[in-house]
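K.L.:
Need a 3D model of the following:
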Amino acid sequence: MPLDFTAIDFETANSSPASACSVGLVRVRGGEVVAMTGWLIQPPPGHDEFQEWNVRIHGIQPEDVSTAATWVEQFDRLCAFAGADVLVAHNAGFDLNVLRRASEATGQICPPYRSLCSLQVARKTYELDSYRLPSAAAAAGFAEFSHHDALADARACAQIVIDAASRAGAADVFALADALSLRVTAPVAPAAVAPALERAVA
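P.N.:
Predicted coordinates for the structure are as follows:
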């Protein structure tokens with residue numbers, strides 16, 4: 001199998017994992033970035049308060065998302081871009097939780113995405129003082145990006161996995177996980193599969 005995956009990064013409006021306000025997505029095919037996209041999101045109702053701490057981190061203000069697509073409106077687009085790919089993220093548990101919780105908050109059925117954490121990959125690949133995304137990405141040859149811009153962060157995650165796979169001689173994300181004694185998470189599929197996933201993988 002080739003080195004194919006989609007890197008993903010979310011920014012949130014507050015401490016609720018359902019409060020997605022921005023997403024970045026980077027598609028990798030054969031170890032090369034072939035498509036990138038990202039957009040602002042109106043956080044789900046009840047999770048849409050912007051806290052000062054979060055705004056200070058990513059710079060997104062409530063007025064910036066006032067005309068953005070809601071989670072429900074953009075959900076099919078997100079799923080169509082990701083398709084059936086393994087999702088890669090830096091601290092993947094956070095981003096996959098945002099995906100699940102925002103979907104739950106709006107009644108969407110989240111596809112059973114598999115994931116690989118680029119933070120864990122970086123820890124197994126590089127000898128660094130810090131494994132925060134900017135440091136790990138720099139070790140992978142991707143420096144000077146706008147940290148906490150969702151698309152830039154997703155691109156940095158992608159580069160970490162591309163570089164780590166090259167160093168490990170791994171042909172795909174599963175071989176990379178095996179080489180580093182990690183695992184690609186494989187959540188149990190829900191009883192009903194979201195129409196968006198059916199279209200994405202058709």
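
K.L.:
show me where the chain has helices.
P.N.:
Assigned by DSSP state H, the chain shows helices spanning 52-58, 71-82, 92-106, 118-125, 133-139, 150-168, 173-179, 195-201.

K.L.:
Pick the most buried one from the ones you listed.
P.N.:
Mean neighbours per residue, mean count of other CB atoms under 10 Å, is largest over the helices of the chain for helix 150-168, with a mean of 24. All C-beta atoms are positioned from the backbone trio N, CA, C, and that covers glycine.

K.L.:
just checking, what packs against it?
P.N.:
With contacts taken as 3 or more CB pairs under 8 Å, 6 or more residues apart in numbering; DSSP states H and E, helix 150-168 sits against strand 5-12, strand 20-29, strand 32-42, strand 87-89, helix 118-125, helix 133-139, helix 173-179.

K.L.:
Let's have the helices of the chain in JSON lines, adding mean pLDDT.
P.N.:
Shown next, in JSON lines, are those (pLDDT from 0 to 100):
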{"stretch": "helix 52-58", "mean pLDDT": "96"}
{"stretch": "helix 71-82", "mean pLDDT": "97"}
{"stretch": "helix 92-106", "mean pLDDT": "96"}
{"stretch": "helix 118-125", "mean pLDDT": "98"}
{"stretch": "helix 133-139", "mean pLDDT": "96"}
{"stretch": "helix 150-168", "mean pLDDT": "98"}
{"stretch": "helix 173-179", "mean pLDDT": "98"}
{"stretch": "helix 195-201", "mean pLDDT": "40"}
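
K.L.:
wait, which of the ones you listed is closest to residue 42?
P.N.:
Closest to residue 42 of the helices of the chain, according to CB to CB: helix 71-82, at 7.2 Å.

K.L.:
That closest one versus strand 20-29: what angle between them?
P.N.:
Orientation note: helix 71-82 sits at an angle of 10 degrees relative to strand 20-29 (axes from the mean of the first three to the mean of the last three CA atoms, to 10 degrees).
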